[in-house]
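**Q** output the structure for:
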Amino acid sequence: IKHSNMNYIENKEDPVEIDDSGDIKFEWKNLMITNKTCRKEAKSIISLGLPIAFSFATQLIKFFTDQAVVGHLGTEYLAAAALAGVVMALATTYIFAFSYTINILCSQAWGA
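**A** Below is the predicted model:
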């Protein structure tokens, strides 16, 4: 089996086999992935993950900055800001969870 983005080295036999009932069997032992392929895949995963990691880091920096600024105003203001942060986190968690799920399903449907 060859995929356009991956360099597979096939052994003696084809790793995909169709039995008498029509079921597809895939044997990993007959398929080896080269070190070059692993590096290429790791590079593509990292290039996709870095912007997401940067986004989460900036959100944490914003939270710490808010707490530092409001902390100078007093404990009541700090408590109110912390409570508002918890309420916003709870409200947005459901939205983000839904969007992450839709993102995965759309990617699979599109052919990723």
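**Q** would you check how far apart Ala82 and Ala57 are?
**A** Ala82 sits 20 Å away from Ala57 when distances are taken as CB to CB, to the nearest Å. C-beta coordinates here come from the backbone N, C-alpha and C atoms, glycine included.
**Q** and if you look at Thr37?
**A** For Thr37, the distance to Ala57 - CB to CB - is 30 Å.
**Q** ok, Phe96 next?
**A** Applying CB to CB, one obtains 16 Å for the distance of Phe96 from Ala57.
**Q** quick revisit: ok, Ala82 and Ala57, which is more surrounded?
**A** Ala82 (15 against 10; other CB atoms under 10 Å).
**Q** the more buried one contacts Gln67, correct?
**A** Yes: distance between Ala82 and Gln67: 7.4 Å, which falls inside the contact criterion (CB atoms under 8 Å).
**Q** helices of this structure, start to end?
**A** Taking DSSP state H as the test, the helices found in the chain are 35-71, 75-110.
**Q** so which of those gets nearest Ser21?
**A** With CB to CB as the measure, helix 75-110 is the member of the helices of the chain nearest Ser21 (25.8 Å).
**Q** chain center to that closest one, what's the gap?
**A** The gap between the average C-alpha position of helix 75-110 and the chain average comes to 16 Å, counting by CA atoms, centre = their mean, to the nearest Å.
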